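>>> Build the 3D model from these lines:
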Amino acid sequence: MQINITGRHFELSDAIRTYAAEKAEKLQKFFNGVTTTDILLKSEDRTFHCEIILHINNNPDVVIDVAHESMYAAIDLALDKAQRQLRRHKERVRGHHRHVERRELTSAEIAETEDDDEDFEE
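Model (predicted):
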């Protein structure tokens, strides 16, 4: 997974870049289909915005945007939100109902269910 980290309107330090990259690498364990992660860190007034764009194979991009007074808190909140959305996306892709293996009923099992139905009707 490729991780792109960009800072706007402030100087992006190595500590913040490393922190965001280490946290973003953990997203891979929630869903393997993520090809690229773009993290955009912005400073506006006295708040910091963390926008994460997850590019997923053959699916629409997942976009997360969080604002907080602390840059590290904004990164944490955005990545937590990304984890929740990736779990939800994985459930949708896999489907909630697994395919149940169907089998043929034997004549004894059919007779047994018919007997049970007769007992119920009486």
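>>> Would you map the strands across this structure?
Assigned by DSSP state E, the strands in the chain fall at 2-8, 34-44, 47-56, 62-68.
>>> Can you tell me which of the ones you listed is packed in deepest?
Counting by mean count of other C-beta atoms under 10 Å, strand 47-56 has the highest mean neighbour count of these, with a mean of 19. The C-beta positions use only the backbone N, C-alpha and C, and glycine is treated the same way.
>>> That one vs strand 34-44, what angle?
What separates the directions of strand 47-56 and strand 34-44 is an angle of 170 degrees, with axes from the mean of the first three to the mean of the last three C-alpha atoms, to 10 degrees.
>>> For residue 5, see how far away the residue nearest the centre of the chain is.
Nearest to the mean C-alpha position of the chain, counting by C-alpha atoms, centre = their mean, stands residue 86 at 0.6 Å. Using C-beta to C-beta, to the nearest Å, residue 86 is found at 18 Å from residue 5.
>>> which ones are touching the nearest residue to residue 77 once chain neighbours are set aside?
Distances taken as C-beta to C-beta, 6 or more residues apart in numbering place residue 66 nearest to residue 77, at 4.5 Å, with adjacent residues excluded. Neighbouring residues of residue 66 by C-beta atoms under 8 Å, 6 or more residues apart in numbering: 49, 50, 51, 74, 77, 78, 81.
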